[in-house]
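Trainee: attaching a predicted model along with its sequence, questions to come.
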Amino acid sequence: MVEYKCIDCNKAIPDTMLRKRVHCPYCGSRVLFKPRTGTTKLKAR
C-alpha cells in the first residue's frame with residue numbers, strides 16, 4: 001500500500017482513498033507527494 005502526503009495540510013492519504021481523482025480529501029489540494037524513506041550515507045575508502 002502506497003501512502004501519499006498532502007503538500008498543504010501535511011496529512012497522510014492512503015492510495016485507497018485516491019481513486020480516479022487526485023486531490024486531498026481533507027483540504028482539497030491537488031498537490032500530493034510520496035515521502036521518501038531515510039537516506040543511507042556511504043563512506044569513501
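Mentor: Here it is on my side, so go on. Numbering: from 1, shown residues only.

Trainee: only C-alpha atoms for contact and neighbour calcs from this point on.
Mentor: Fine.

Trainee: burial of Tyr4, as a residue count?
Mentor: The local packing of Tyr4 (other C-alpha atoms under 10 Å) involves 17 other residues.

Trainee: which parts of the helix or strand encompassing it are buried?
Mentor: Taking DSSP states H and E as the criterion, Tyr4 maps to strand 3-6. Judged by neighbour count (16 or more other C-alpha atoms under 10 Å), strand 3-6 contains these buried residues: 4-6.

Trainee: distance to Arg19 and pLDDT added to those, as JSON lines?
Mentor: Converted to JSON lines, the buried residues of strand 3-6 look like this (distance: C-alpha to C-alpha, whole Å; pLDDT from 0 to 100):
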{"residue": "Tyr4", "distance to Arg19": "13", "pLDDT": "89"}
{"residue": "Lys5", "distance to Arg19": "15", "pLDDT": "92"}
{"residue": "Cys6", "distance to Arg19": "15", "pLDDT": "92"}
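
Trainee: can you add distance to Thr39 and give these back as JSON lines?
Mentor: As requested, the buried residues of strand 3-6 are arranged in JSON lines below (distance: C-alpha to C-alpha, whole Å):
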{"residue": "Tyr4", "distance to Thr39": "18"}
{"residue": "Lys5", "distance to Thr39": "19"}
{"residue": "Cys6", "distance to Thr39": "21"}
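
Trainee: which one of these is nearest Met17?
Mentor: Proximity of the buried residues of strand 3-6 to Met17 (C-alpha to C-alpha) peaks at Tyr4, which lies at 10.1 Å.

Trainee: roughly how far does the residue nearest to the closest one when sequence neighbours are not counted sit from Gly28?
Mentor: Nearest residue to Tyr4 in three dimensions, chain neighbours excluded: Lys34, at 4.6 Å (C-alpha to C-alpha, 6 or more residues apart in numbering). Distance, Lys34 to Gly28, by C-alpha to C-alpha, to the nearest Å: 17 Å.
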